[in-house]
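Enquirer: Any chance you could fold what I've pasted below:
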Amino acid sequence: MNNEHKYRVVAWWSSGRTGIAKSESAPNAIHFTAPPQFGGLEGRWTPEELLMTALASCFTTTFHAIAVLAKFEYTDLEVEVEGTVGKTKSGFRFSEIVIKPNLKIASEENRERAVSLLHKAKALCLVSRALATSQRFEIRVEMRKHSLV
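Expert: Numbers count the residues shown, from 1 in each chain. As a prediction, the model looks like this:
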C-alpha cells in the first residue's frame, strides 16, 4: 500500500449565491452556499456544515476500522459534531468543536473497551488532526483572452 494519498476537490461559484464542489471519486456534485446568516440560501450545504460532516464521517469510519481490527462488535454508532462560530477581532472563526459519539454495544462488560476504542478513534481521525495542519497557499491569476465572435 502506498504511504501517500492525495484527495482533490474542485469548487467554483456557479451563480448568484451558490457554488458547486466536485470530487473525482463521487458521482454527484455538492451545491453549497454561505450560511443564511451571511446572505446564503436556505436548503444548501454550507462550508461550515461540510467541515462538521468531514469530522463526523471521519470519526465514524476511523472507529469502524479500529473496531474491525480489534474484533470489537457494536450494534450502532451515531456521531454528532457541533461547531460554534464566533466573531473575533480578525473575523469569524470556530471557537469550539464538540464531537459526540453515541456507541451502542450489546453488553455492559464491553463498556471500558468501547470507551478506549472511541478515544483511539478520536486520536487517529485524519480530519480532526488536519485542523492543526499548516496550509500552503498556491495562487494563480489568469487573464481571460477575448474571443472574436
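
Enquirer: what ranges do the helices span in the protein?
Expert: 47-69, 111-124, 126-130 (DSSP state H).

Enquirer: can you tell me which of those helices the model trusts least?
Expert: In terms of average pLDDT, helix 126-130 trails the rest of the helices of the chain, at a mean of 93.

Enquirer: so what secondary structure elements neighbour that helix?
Expert: helix 47-69 (3 or more CB pairs under 8 Å, 6 or more residues apart in numbering; DSSP states H and E). In short, each C-beta sits where N, CA and C put it, glycine included.

Enquirer: returning to what we had before: looking at the helices of the chain, which is buried most?
Expert: Most buried of those, by mean neighbour count (mean count of other CB atoms under 10 Å): helix 47-69, with a mean of 16.

Enquirer: What are the contacting residues of it?
Expert: Contacts with helix 47-69, where a contact means CB atoms under 8 Å, 6 or more residues apart in numbering, come from 21, 30, 32, 34-35, 45, 72-74, 77, 79-83, 85, 94, 97, 99, 101, 103, 117-118, 120-122, 124-128.

Enquirer: how about the strands in the protein?
Expert: 9-15, 18-23, 30-32, 76-88, 91-104 (DSSP state E).

Enquirer: would a markdown table of these with mean neighbour count and mean pLDDT be doable?
Expert: A markdown table is the format used below for those (neighbours: other CB atoms under 10 Å; pLDDT from 0 to 100):
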| stretch | mean neighbour count | mean pLDDT |
| --- | --- | --- |
| strand 9-15 | 11 | 91 |
| strand 18-23 | 16 | 95 |
| strand 30-32 | 17 | 95 |
| strand 76-88 | 13 | 94 |
| strand 91-104 | 12 | 93 |
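
Enquirer: Having no further points to raise, I will conclude here.
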